[in-house]
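**Q** task: produce atomic coordinates for the following.
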Amino acid sequence: MSAGTPFNFLDQDLLLLPQKAIYWHQQNALILTDVHFGKVGHFRKAGIAIPRNMEQDDLAMLSDLVYEHKPEKLIFLGDLFHSDMNNDWDWFVLWRSQFPQLEIILIKGNHDIIADEHYTTLGVILYKKLVMGPFVMLHHPLADTTQAHAEGYVLCGHIHPGVHMVGRGRQSITLPCFAFAQNQAILPSFGRFTGRVAIVSRKTDHVFGVLKDRVIAIA
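**A** Numbering: from 1, shown residues only. As a prediction, the model looks like this:
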C-alpha cells in the first residue's frame, strides 16, 4: 500500500504519493507527469547501454497505483512518451490493453511528438490544457507574471523539480518534490530515467520531498 501524505488544498483532498503521483479523491483520478516512456529505447537506439527493464518497471508501478486506488481517470501532465515511436511503444500498448475502461487523458508536452492518431487509437484523450475543478492542467509552468491570469490553479510538470537538503554533517541530497506555490504546483517526474532540478521556493510555498516509501513536508 502507498504511504501517501494527505493534503487538503483548495477544498480538494489530494494524496501525495511516494510513487510521485497525486490521487485526487473528488475526481477519483491519478495525476502524474513526465513519464518519458520510450526514453530507454531512444538511448539504446543511439548505442547507449541502458537496462531494458526500466520501462517495464515504470509500467509495473503505474499498474500497482491503478490496482490500489482504482481511479476512473489517469491524467498525464505531458511528456508521456519521450520521442519518436520505438519498440517501447509496444509495451505501452500492451499495458493499455489491461485497463480498457480507464479514462486516460494526456496534456501534450514538448516530447509528445508521436502522431495523435496513435494515442486516439488507444483511447487516450489529448489536450493542450484542461480545466477541471479548481485546477488548470498544463505541461509547462507559467511565468510568475501570467500565473494569476490562468483559468484556475495550475498543475504542471516539465522541469522535474527537486528540493536540495543539507544534513548536519554537510552531506547533501536533492529529493524529488511536489512544489505548491501561490498560483501553481509543479509535480515531480514519474519516470525513473529522469533527472531533477533544485527549485527555489518562497516561505509561503508548500514543498513536499519524496522519499522511497513516503512523502514528507519540507516547508
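**Q** when you work out contacts or count neighbours from here on, use the C-alpha atoms and nothing else.
**A** Noted.
**Q** surely Val131 is in contact with Tyr153?
**A** No - if you go by C-alpha atoms under 8 Å, Val131 and Tyr153 don't touch, sitting 9.2 Å apart.
**Q** out of these two, which sits in the busier spot?
**A** Set side by side, Val131 and Tyr153 show more neighbours around Tyr153, with 23 against 15, by other C-alpha atoms under 10 Å.
**Q** hmm, Ile104 and Tyr127 touching each other?
**A** No - here Tyr127 lies out of contact with Ile104, judged by C-alpha under 8 Å, at a distance of 11.1 Å.
**Q** neighbour count: those two, which is higher?
**A** Of the pair Tyr127 and Ile104, Ile104 is the one with more neighbours under other C-alpha under 10 Å, namely 21 against 15.
**Q** the helix or strand harbouring the more buried one pairs with which strands, and in what direction?
**A** Taking DSSP states H and E as the definition, Ile104 sits inside strand 103-107. Note on strand 103-107: by DSSP bridges, its sheet partners are strand 73-76 (parallel), strand 124-127 (parallel).
**Q** Asp13 is nearest to which of those strands?
**A** Distances from Asp13 to each of these were compared using C-alpha to C-alpha; the shortest belongs to strand 73-76, at 15.6 Å.
**Q** CA atoms of the closest one as PDB?
**A** As requested, C-alpha coordinates have been extracted for strand 73-76 and formatted as PDB (Å, rounded to 0.1, in the frame of the first residue of the first chain):
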ATOM      1  CA  LYS A  73      -9.200   8.800 -14.700                       C
ATOM      2  CA  LEU A  74      -5.500   8.800 -15.300                       C
ATOM      3  CA  ILE A  75      -4.200  12.300 -16.100                       C
ATOM      4  CA  PHE A  76      -0.700  12.700 -17.600                       C
END
